[in-house]
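Chemist: Fold the following, please.
(chains A and B)
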There are 2 protein chains.
Amino acid sequence: MLAELHQNVIVTGAGSGLGAALTAQLASQGYHVAALSRSADKLERLVTQYKRVTPFVVDLSCEEEVSQVFSKLATWEAPFTKVFCCAGSGQFGPLASYNQSTIQHMVNDNLLSMMLVAQAAIGLMRNHNKDTNGALIHVMSSAAQVGKANETVYCAMKWGCRGFTEALRVELSGTNIQVVGVYPSGMQTAFWQNNAVAHDQYEQYMHPDEVAKIILLNLQEMDSCYTADIVINKIKR
Amino acid sequence: MLAELHQNVIVTGAGSGLGAALTAQLASQGYHVAALSRSADKLERLVTQYKRVTPFVVDLSCEEEVSQVFSKLATWEAPFTKVFCCAGSGQFGPLASYNQSTIQHMVNDNLLSMMLVAQAAIGLMRNHNKDTNGALIHVMSSAAQVGKANETVYCAMKWGCRGFTEALRVELSGTNIQVVGVYPSGMQTAFWQNNAVAHDQYEQYMHPDEVAKIILLNLQEMDSCYTADIVINKIKR
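Modeler: Modelled structure (predicted):
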């Protein structure tokens, strides 16, 4: 743990679900966590409970706001070794139920936010880390790997994030920044609880604390290899 | 050919490249083609040469403009049997070279336009076609299937279109509308000629007339099956 005491990490979508679970576990392990969320309220519990969590309220689809947060982070002393992109949102239903504005919201929350954070995080790690390696962890969804009815726009966003992740990995090859893709199935989080489309097997959904644990296990540094993609599925009983 | 004389088709991105090649071949085969493009100039040659081509100047990333065009098409008499979505644009370079506005342009031209056209086209075919089958043909790119350096945002768009296509196919299963995915490599079109990133083997790029021919061959109606995906690669010499 000692080495980790001197590392910073960033978590987006830190206010709830998997982002909150990762933030809590990383803080417990001694990392200093920059916890990004659109809502101050959602970050409050984590900030109260963990002194190593610093909250940032930010709209990640606005390049100015992203740039402001990363300027502040650039003043932190230790290297940034891991950036977890968990932020995202969903809206479901048949294609005819969307309009230009709902599609744009989905683009902002899922695709644009990931791109702007990746840009800023790569800049930060390159300027800030000297000889320390860095990892960008892109949390997507099983909806990035198959097509699903009533999820046309959500699938488009998640497949888009996957293509971005695949291309970025090629673009960063030869650097000391790795890109890790995470593809979890449905979790017991507000995300799925709040969605109108019937997800009737909610109690069989995965627990975000366990998903976070699997992700962190995979980020232990090796000499010759790294986990590039992690697909995490429900146990069906 | 006689049956085809009584069919309408729609081509987006009809002003150049593959869209123009498809428009010309479809008009020659006797289809009435609604040729959609952002630029009236680009459609002029086709309209002069083929009397069965009707031009529509439209920004496909604006739902109002899309809706206006499709209202006009709804007055056409014969069924709409094929809708070719060829519209798209590209901007290339390392991730750091993009800003929020260039990303948004890419989203509008590639992802949002495909979604708005699919919505409108499905509505049109359902209301208009009675017992005639319909096909939505989504032209994407080999960049929807791999990650490429200097194409992070383009890959995100094309993978996003692919996810949308896969999900829409599931959503429309059991209807009489088929969704066909087309994944061509680089073609000898203005798209690649104009791009700054070096594509030094341009003369080995595929000819859009031949790519159009392959696509149309695959759209012949069968009793028990249809071509779902068409991957079209260069011959490397």
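Chemist: What residues of the helix or strand of chain A with the lowest mean pLDDT count as buried?
Modeler: Within chain A, no helix or strand scores below helix A:190-193, which has a mean of 74 by mean pLDDT, DSSP states H and E. Residues of helix A:190-193 classed as buried by neighbour count (16 or more other CB atoms under 10 Å in any protein chain shown): residue A:191. Placement of C-beta: from N, CA and C, glycine included.
Chemist: which element follows that helix toward the C-terminus?
Modeler: Next along the chain after helix A:190-193, taking DSSP states H and E as the criterion, comes helix A:208-217.
Chemist: who does that next one touch, helix- and strand-wise?
Modeler: Applying 3 or more CB pairs under 8 Å, 6 or more residues apart in numbering or on different chains; DSSP states H and E, one finds that helix A:208-217 makes contact with helix A:17-28, strand A:229-232.
Chemist: Does residue A:208 touch residue A:18 like I think?
Modeler: Yes - counting by CB atoms under 8 Å, residue A:208 does reach residue A:18; the two are 4.6 Å apart.
Chemist: quick one on the thing from earlier: comparing the helices and strands packed on helix A:208-217, which stretch has the densest surroundings?
Modeler: helix A:17-28 (a mean of 24; mean count of other CB atoms under 10 Å in any protein chain shown).
Chemist: Just give me the longest helix of chain A.
Modeler: Ranked by number of residues, the top helix in chain A under DSSP state H is helix A:152-171.
Chemist: can you tell if whichever strand or helix holds residue A:101 touches chain B?
Modeler: Here residue A:101, judged by DSSP H and E, is contained in helix A:100-106. Yes - using CB under 8 Å from any CB of the partner chain, helix A:100-106 reaches chain B at A:100, A:103, A:104.
Chemist: For chain A, give me the ranges with low pLDDT.
Modeler: For chain A, the stretches flagged by pLDDT under 70 are A:1-5, A:193-200, A:237.
Chemist: gap between the two ends of stretch A:83-96?
Modeler: 36 Å (CA to CA, to the nearest Å).
Chemist: buried residues in that stretch?
Modeler: A:83, A:84, A:85, A:86, A:87, A:88, A:89, A:90, A:91, A:92, A:93, A:95.
Chemist: before we move on, what about stretch A:177-197?
Modeler: Buried residues in stretch A:177-197, counting neighbours by 16+ other CB under 10 Å, are found at A:177-189, A:191, A:195.
Chemist: Tell me the one among the residues you listed nearest to chain B.
Modeler: residue A:179 (9.4 Å; CB to the nearest CB).
Chemist: Help me confirm that that closest one is found in a strand?
Modeler: Yes - counting by DSSP: H, G, I helix; E, B strand; the rest coil, residue A:179 is located in a strand.
Chemist: Roughly how far does it sit from residue A:172?
Modeler: Using CB to CB, to the nearest Å, residue A:179 is found at 6 Å from residue A:172.
Chemist: before we move on, back to that, looking at the helices and strands packed on helix A:208-217, which is nearest to chain B?
Modeler: strand A:229-232 (11.9 Å).
Chemist: List the strands paired with that closest one, with their directions.
Modeler: Counting by DSSP bridges, the strands paired with strand A:229-232 are strand A:177-184 (parallel).
Chemist: In CSV, could you pull the C-alpha coordinates for the partner strand?
Modeler: Extracted in CSV, the C-alpha atoms of strand A:177-184 (Å, rounded to 0.1, in the frame of the first residue of the first chain):
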residue,chain,number,x,y,z
ILE,A,177,-0.4,5.2,-21.0
GLN,A,178,-2.6,2.1,-21.3
VAL,A,179,-6.3,2.1,-22.2
VAL,A,180,-8.4,-0.5,-20.5
GLY,A,181,-12.0,-1.3,-21.6
VAL,A,182,-14.6,-2.5,-19.1
TYR,A,183,-17.8,-4.1,-20.3
PRO,A,184,-20.1,-4.8,-17.3
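Chemist: Just the angle for that strand relative to helix A:208-217, thanks.
Modeler: Counting by axes from the mean of the first three to the mean of the last three CA atoms, to 10 degrees, strand A:177-184 lies at 150 degrees to helix A:208-217.
Chemist: Pull the residues that contact strand A:177-184.
Modeler: A:18, A:122, A:125-126, A:133-142, A:144-145, A:162, A:165-166, A:168-169, A:172, A:206, A:211, A:215, A:218-219, A:226-232 (CB atoms under 8 Å, 6 or more residues apart in numbering or on different chains).
Chemist: Also stretch A:34-41?
Modeler: Counting by CB under 8 Å, 6+ apart, A:8-16, A:19, A:23, A:43, A:46-47, A:53-60, A:69, A:73, A:76, A:87 sit against stretch A:34-41.
Chemist: Quick one: mark the members of those residues that sit in strands.
Modeler: Counted as lying in strands by DSSP state E, out of those, are A:8, A:9, A:10, A:11, A:12, A:53, A:54, A:55, A:56, A:57.
Chemist: Name the member of these that has the highest neighbour count.
Modeler: Most neighbours among those, by other CB atoms under 10 Å in any protein chain shown: residue A:11, with 31 neighbours.
Chemist: Contacts only, for that residue.
Modeler: A:19, A:22, A:23, A:26, A:33, A:34, A:35, A:36, A:84, A:86.
Chemist: mind running it again at 6 Å?
Modeler: By CB atoms under 6 Å, 6 or more residues apart in numbering or on different chains, the contact set of residue A:11 is A:19, A:22, A:23, A:33, A:35, A:84.
Chemist: how far away is the residue of chain A most remote from its centre from chain B?
Modeler: In terms of distance from the mean C-alpha position of chain A, residue A:96 ranks first, at 29.2 Å (CA atoms, centre = their mean). Separation of residue A:96 from chain B (CB to the nearest CB, to the nearest Å) stands at 6 Å.
Chemist: got a list of contacts for stretch A:13-28?
Modeler: Contacts for stretch A:13-28 (CB under 6 Å, 6+ apart): A:9, A:11, A:33, A:35-37, A:39, A:42-43, A:46, A:50, A:52-53, A:84, A:86-87, A:189-191, A:208-209, A:211-212.
Chemist: please redo it, this time with the cut-off set to 7 Å
Modeler: With CB atoms under 7 Å, 6 or more residues apart in numbering or on different chains as the test, stretch A:13-28 has contacts from A:9, A:11-12, A:33, A:35-37, A:39, A:42-43, A:46, A:50, A:52-53, A:84, A:86-88, A:139, A:187, A:189-191, A:208-209, A:211-213, A:215-216.
Chemist: between residue A:208 and residue A:18, what contacts are shared?
Modeler: What both residue A:208 and residue A:18 touch, as defined by CB under 7 Å, 6+ apart, is the set A:187, A:189.
Chemist: Give me the number of neighbouring residues for the residue nearest to the residue farthest from the centre of chain A when sequence neighbours are not counted.
Modeler: Closest residue to residue A:96 apart from its sequence neighbours, by CB to CB, 6 or more residues apart in numbering or on different chains: residue B:119 at 6.2 Å. Counted with other CB under 10 Å, residues neighbouring residue B:119 total 24.
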